[in-house]
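[1] Sequence unavailable; structure follows:
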DNA sequence: TTGTAAGCGTTATCAA
DNA sequence: TTGATAACGCTTACAA
């Protein structure tokens, strides 16, 4: 019962271990007849190559690192799902690691990690994917990596992403299509690349629709529910208030909904609210939130694929664009008649 | 720069590789002087033992598996945090794996996994921790495991858990202390062990307080928000309605809150609502939900510890009890005057 | 207390 | 197209 080794398989198939190795790795130059003989022995013994031995002897470890700063955000779970699914197909495994701290701590953690365990590649989740020090160490050690939705350093290495600007554009266009002419916007945290992209998309869409951009309909925010509430207060307490509010993320949109409720403004009859992210809660609040969904799982699948089957061509694109999803739920409707 | 091996360290410290090995593994019978000489070399070269080589040669792999059915639930992230923290201290790493499916699929997945990679131990999260087939395979291969909050098979192997019955008892006592005499209860999904424990604790507390248990104040549920809404309808539409409702989990409590809002019953002024789990949303709804918090992170720390330093004593307890937390927030208050 | 030598289960080298 | 044999970096016996 104790697991068999390559020697057992070789003995049973009456070939050398090298031939078994060739078959297991799908190498060429093996006669079909031999291949089949080996496969039969493999099946019979339920042989599975030992990952540690492979890692030690060969150039592959069948281990892929997934680095995050914190495992709680829902996109981490999504990414995990995608990465695990793709890895399982290919016989790879996910080593999940938490990385954080100032440059010194971080560097030490990462160096220790990389020398202790050889990884065939690494998937970098936000915000780790935006750390210069991480990229520097990985580059230096020639550990392949793919970043998920990075917000900067786009020339540094391969990444998968979605177009925040276009998503914000489309969401705004959706509101316009519903008939809204007075649309408010709550910006994300200053300094975050996503903040400016989303804001940009919003403005482009208003311009394209020939709508006015009133300064007091654009409020600052920092991606927290509190900031969403504050921004909503500002916009809704005024005489000339918007009929729809586009918050740069879901948390702020929930803040808007809370304020609307307090002001006895019915959503969506009197005020449409839309967000960005599709947080799990978006389906729990009432009305459910119209929002943008990042294809996080697909991104992780893609990232894992890039690491498992590295694209040898020199012309491999640095960034792979994946489609977002505009999720229409109940929180946005036609504007009230005036 | 390319990572150094044990030979480099031995050469630099002018000792044999065996001595280096002894030092790295904290073995006894090494003179302090030697130990220090080795340590200096280790520091100088920033040497870290290669995990694959250790795994192949020795009895430890420094790999701990974390098995879940789905990575999304918030307790998975919590457990991940705990396990990663504990593992990092000890130089271990977390291999996270998704396991699911019918007996055949599941068995195949697990067997493949276990023969491919040697793990020093495995942490089993719900609901995987309650699968006979999982325990059977692990037992058979003598892979150490610790289950987190299992709901059955308590004699089969070590586990960490919290006392659901006592938690439900305490929560009920909390409502009684606030002055409630008419308390409704929504049961969890039939068949789940937690359902009966929680129900049991509730009943014990009512008895202890000398309060009546009215049949129509106890409603069935299945842990979904919908079932919570249905149960709340039943209880609140009647003349003689409870002043407080204890839902067996947070999702159902949210359902209760939604119904209360629809019926224009103010929470907590006219109706107190409490839940169980401390889901992330519990802090987002308004009023915030009074609930019970499982010490999931601590459980995972404990579980990892048990695997890293296996308790050799024969008297090792099968189950380690950890304290829950009763989190008092705004959704429960004193009952309305009649 | 220290060191030598033999594996661990693969892949890589190179000859057949 | 195949196969002996030497790594890979470490732990484990066992000897000194």
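    Sure, I can see it. Since the structure is predicted, the reported quantities are computational estimates derived from the model, not experimental observations. Numbers count the residues shown, from 1 in each chain, chains lettered A, B, ... in the order given.
[2] residues touching residue A:326, list them.
    A:167, A:170-171, A:174, A:290, A:292-293 (C-beta atoms under 8 Å, 6 or more residues apart in numbering or on different chains). In short, each C-beta sits where N, CA and C put it, glycine included.
[3] So which of those residues belong to strands?
    Per DSSP state E, strands hold the following members of the contacts of residue A:326: A:292-293.
[4] Just send the contacts of residue A:326 back as TSV, with neighbour count, pLDDT and distance to chain B too.
    Listed next are the contacts of residue A:326 as TSV, based on neighbours: other C-beta atoms under 10 Å in any protein chain shown; pLDDT from 0 to 100; distance: C-beta to the nearest C-beta, whole Å:
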residue	neighbour count	pLDDT	distance to chain B
A:167	23	98	23
A:170	15	98	26
A:171	26	98	22
A:174	20	98	25
A:290	26	98	18
A:292	24	98	19
A:293	18	96	14
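[5] How about the contacts made by residue A:65?
    Contacts of residue A:65 (C-beta under 8 Å, 6+ apart): A:94-97, A:113, A:119, A:121-123.
[6] what do you get if the cut-off is 10 Å, keeping everything else the same?
    A:83, A:94-97, A:99, A:110, A:113-114, A:117, A:119-124, A:138, A:143, A:145, A:307, B:93 (C-beta atoms under 10 Å, 6 or more residues apart in numbering or on different chains).
[7] Distance of residue A:119 relative to DNA strand D?
    Applying C-beta to the nearest atom of the strand, to the nearest Å, the value for residue A:119 to DNA strand D is 15 Å.
[8] pLDDT on stretch A:89-101, on average?
    Mean per-residue pLDDT for stretch A:89-101: 97.
[9] which of the residues in it are buried?
    For stretch A:89-101, the neighbour count (16 or more other C-beta atoms under 10 Å in any protein chain shown) marks A:91-99 as buried.
[10] One more: stretch A:317-325?
    So for stretch A:317-325, counting by 16+ other C-beta under 10 Å, buried means A:320, A:322, A:324.
[11] Could you report the distance from the residue nearest to the first one when sequence neighbours are not counted to chain B?
    Meaning residue A:320. Residue nearest to residue A:320 in three dimensions, not counting chain neighbours: residue A:160, with 4.6 Å by C-beta to C-beta, 6 or more residues apart in numbering or on different chains. Distance, residue A:160 to chain B, using C-beta to the nearest C-beta, to the nearest Å: 19 Å.
[12] In strands, which of the contacts of residue A:65 fall?
    Short answer: those in strands (DSSP E) are A:94-97, A:121-124, A:145, B:93.
[13] Return the residues of the stretch 51-200 of chain A in contact with DNA strand C.
    For the stretch 51-200 of chain A, the residues in contact with DNA strand C (C-beta under 7 Å from any atom of the strand) are A:53-54, A:56-59.
[14] Also within reach of chain B: list those from the residues you listed.
    Among those, the residues that sit close to chain B (C-beta under 10 Å from any C-beta of the partner chain) are A:53-54, A:56-57.
[15] now the residues you listed in a markdown table, with pLDDT?
    Below are these laid out as a markdown table (pLDDT from 0 to 100):
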| residue | pLDDT |
| --- | --- |
| A:53 | 98 |
| A:54 | 98 |
| A:56 | 97 |
| A:57 | 96 |
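[16] helix, strand or coil for the residue in the stretch 201-338 of chain A that DNA strand C sits nearest to?
    Closest residue of the stretch 201-338 of chain A to DNA strand C, C-beta to the nearest atom of the strand: residue A:310 (14.3 Å). Following DSSP: H, G, I helix; E, B strand; the rest coil, we place residue A:310 in the coil state.
[17] Now do the nearest residue to it once chain neighbours are set aside against residue A:64, distance only.
    In space, and not counting its chain neighbours, residue A:310 is closest to residue A:144: 6.3 Å by C-beta to C-beta, 6+ apart. Here residue A:144 is placed at a distance of 10 Å from residue A:64 (C-beta to C-beta, to the nearest Å).
[18] When these two are compared, which one has more neighbours?
    More crowded of residue A:144 and residue A:64, by other C-beta atoms under 10 Å in any protein chain shown: residue A:64, with 27 against 15.
[19] Doesn't the more buried one lie inside a strand?
    Yes. Using three-state DSSP, the secondary structure at residue A:64 is a strand.
[20] sorry, back to before: between residue A:144 and residue A:64, which contacts overlap?
    With contacts taken as C-beta under 10 Å, 6+ apart, residue A:144 and residue A:64 have A:119-122, A:307 as neighbours in common.
[21] Give me the buried subset of the residues of the stretch 51-200 of chain A next to DNA strand C.
    By 16+ other C-beta under 10 Å, these give A:54, A:56 as buried.
[22] Could you tell me which of the residues of the stretch 51-200 of chain A next to DNA strand C belong to helices?
    Counting by DSSP state H, the part of those found in helices is A:53-54, A:56-57.
[23] need the residues of chain A near DNA strand D, please.
    So chain A meets DNA strand D at A:15-19, A:22, A:28-31, A:33-34, A:53, A:56-57 (C-beta under 7 Å from any atom of the strand).
[24] Cross the residues you listed against helices and list the overlap.
    A:17-19, A:22, A:33-34, A:53, A:56-57.
[25] Residue A:158: what's it in contact with?
    A:144-147, A:302-303, A:306-307, A:310-311, A:316-320.
[26] quick one, strands of the stretch 201-338 of chain A?
    A:218-219, A:244-247, A:272-274, A:291-293, A:319-321, A:325-327 (DSSP state E, counting those that start in this stretch).
[27] how far does the first one sit from the chain's center?
    So the one you mean is strand A:218-219. Between the centre of strand A:218-219 and the centre of its host chain there is 27 Å, according to C-alpha atoms, centre = their mean, to the nearest Å.
[28] Note down every partner strand of it and its orientation.
    strand A:183-186 (parallel) (DSSP bridges).
[29] Would you mark the buried spots in the partner strand?
    Quick answer for strand A:183-186 (16+ other C-beta under 10 Å): A:183-186.
[30] Let me know the closest of the residues you listed to chain B.
    Chain B has its nearest neighbour among the buried residues of strand A:183-186 in residue A:186, at 17.1 Å by C-beta to the nearest C-beta.
[31] Between the two ends of stretch A:201-220, how far is it?
    Stretch A:201-220 has its terminal residues 16 Å apart, counting by C-alpha to C-alpha, to the nearest Å.
[32] What distance do you get for residue A:107 to residue A:294?
    29 Å.
[33] now the buried residues of stretch A:317-325 as JSON lines including pLDDT?
    Converted to JSON lines, the buried residues of stretch A:317-325 look like this (pLDDT from 0 to 100):
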{"residue": "A:320", "pLDDT": "92"}
{"residue": "A:322", "pLDDT": "97"}
{"residue": "A:324", "pLDDT": "97"}
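[34] could you pull out the helices for chain A?
    Going by DSSP H, chain A shows helices at A:6-13, A:17-24, A:32-45, A:51-57, A:74-90, A:103-116, A:132-140, A:164-178, A:193-209, A:225-236, A:250-262, A:296-308.
[35] Ok, which of the ones you listed comes nearest residue B:273?
    helix A:250-262 (17.3 Å; C-beta to C-beta).
[36] and that closest one, which residues are buried?
    For helix A:250-262, by 16+ other C-beta under 10 Å, it's A:250-260.
[37] Let me see the contact set for residue A:292.
    Neighbouring residues of residue A:292 by C-beta under 10 Å, 6+ apart: A:162, A:164, A:166-168, A:170-171, A:174, A:198, A:249-250, A:274-278, A:324-327.
[38] Please name the bridge partners of it.
    residue A:326.
[39] Kindly provide the distance from it to residue A:198.
    Relative to residue A:198, and taking C-beta to C-beta, residue A:292 is found at 9 Å.
[40] what sits in contact with each of these two?
    A:164, A:167-168, A:171, A:249, A:276.
[41] tell me which of the residues you listed is nearest to DNA strand D?
    So of the shared contacts of residue A:292 and residue A:198, ranked by how close each gets to DNA strand D (C-beta to the nearest atom of the strand), first place is residue A:164, at 43.1 Å.
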